[in-house]
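Q: Predicted structure and sequence below. I'll ask about it afterward.
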Amino acid sequence: MPGWMETLPLLASLFLAVPSCLGETFFWHSPSPTPAEAAALLRAVCPGAVQPGGTAPDSLAGCKPCPKYTSVGTLEPRRAMGFLFELHTVIYGSFTRPGAREAVAGFEGCESHATGGGGTVLLRKSHGSWAMIDYQMALITSACQTYHLKTGRDLLLCEDVDHFQGEMVQWVYLCDFSKEAQSRSETIFEVHDTRGMRSHGAICGSIDKVLLHDLNGDGMPDVTVWFSSGRGAFPNADGPCSSDGMHASAQKHRLDFLFQPNTESFGPAPWSESLAETYREFFRVGQ
């Protein structure tokens, strides 16, 4: 099949050493709540079922049994008694409207791999106490940072990684909590790595770095993604990409995505359009 994969031998001069093609994120880390913050949020998330964190540094607070709105709580109520809905992260901002005092709380547990292994709860503070607004399974906000709009509202820029049946998927995405759940998350850039399938034409892909900076002088940060890619027969499912047993690293590229105020989203910069179109056949590139 013609395309950029067949041009790899001709572009050897562009190869750069890459420590690992299986990027395990994360460039961003959502903050962990203090015990007092966790207690206040959990009273709204699962009243009467709050499980406090222990004295160990890695002991997490949460809900036990699984809340009824989670997959396990809904479909497997007996098993729900033995699972903890663990609160891992919390990010504060005005996510649905300017001036709102809101929190995005990231949870793990009470969901299967198919439903993301966890999800995110949106809460709003009013008259000194938190109230739960909604829960979205499979929306993972453990590696995010707040993106402030000039309107006074906040978005979240996040990353995640998943592994299944020999394939790794790694992506950067935008979360807009003013939208309905089905359209709340929008992928900016996503790579796939199929070396774990041990096929001759495996794809090696990783996101190596993500940077926020203003590229067009409009006062709003834009997104730059550096990523690695290659295709061939890779003897190892992790570590540096090697082709046909010879030490060779993947190509390293840069894509720039500009913030688009009219849609409050990100799209490839004009100078990145050609490269973005080249990679749309193999990776997912936001519009």
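A: In hand now; what should we look at?

Q: Lys252 and Gly73: what is the separation?
A: To Gly73, Lys252 is 44 Å away according to CB to CB, to the nearest Å. All C-beta spots, glycine's among them, are computed from the backbone N, C-alpha and C.

Q: of the two, who's got more company?
A: The residue with more neighbours, out of Lys252 and Gly73, is Gly73; 21 against 18, by other CB atoms under 10 Å.

Q: Are we agreed that the more buried one is in a helix?
A: Yes: the assignment for Gly73, made by DSSP: H, G, I helix; E, B strand; the rest coil, places it in a helix.

Q: Spatially nearest residue to it (excluding sequence neighbours)?
A: Cys66 (3.9 Å; CB to CB, 6 or more residues apart in numbering).

Q: For the one you found, list the residues it contacts.
A: Taking CB atoms under 8 Å, 6 or more residues apart in numbering, we find Cys66 in contact with Val72, Gly73, Ala80, Phe83, Phe85, Gly109, Cys110.

Q: Let me have those residues in CSV, extended by distance to Gln165 and pLDDT.
A: Formatted as CSV, the contacts of Cys66 follow (distance: CB to CB, whole Å; pLDDT from 0 to 100):
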residue, distance to Gln165, pLDDT
Val72, 23, 95
Gly73, 27, 94
Ala80, 27, 91
Phe83, 24, 92
Phe85, 27, 96
Gly109, 22, 94
Cys110, 23, 96
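
Q: most neighbours, which of these?
A: Within these, neighbour counts (other CB under 10 Å) peak at Phe85, which reaches 31 neighbours.

Q: ok, what's across the strand from it?
A: Cys63 (DSSP bridges).

Q: Surely it is in contact with Ala61?
A: No: with contact defined as CB atoms under 8 Å, Phe85 does not count as touching Ala61 (9.9 Å).

Q: Return the list of helices and strands in contact with the helix or strand harbouring Leu174.
A: Under the criterion of DSSP states H and E, Leu174 resides in strand 167-175. Under the contact definition 3 or more CB pairs under 8 Å, 6 or more residues apart in numbering; DSSP states H and E, strand 167-175 sits against strand 154-164, strand 185-193, strand 202-213.

Q: for the record, mean pLDDT for the longest one?
A: This points to strand 202-213. Averaged across strand 202-213, pLDDT comes to 90.

Q: Give me the angle between the helix or strand just after that strand and strand 202-213.
A: Later in the chain than strand 202-213, the nearest helix or strand by DSSP H and E is strand 222-232. In terms of direction (axes from the mean of the first three to the mean of the last three CA atoms, to 10 degrees), strand 222-232 departs from strand 202-213 by 170 degrees.

Q: centre of the chain versus strand 222-232, how much separation?
A: Distance of strand 222-232 from its chain centroid, counting by CA atoms, centre = their mean, to the nearest Å, is 16 Å.

Q: same thing with stretch 65-81?
A: 25 Å.

Q: May I have the phi/psi pair for Pro31?
A: Per-residue torsions, Pro31: phi -70, psi 150 (degrees, to the nearest 10).

Q: How many neighbouring residues does it have?
A: Using other CB under 10 Å, Pro31 has 12 neighbouring residues.

Q: Help me confirm that it comes into contact with Gly93.
A: No: with contact defined as CB under 8 Å, Pro31 does not count as touching Gly93 (11.7 Å).

Q: Right, I'll leave it there.
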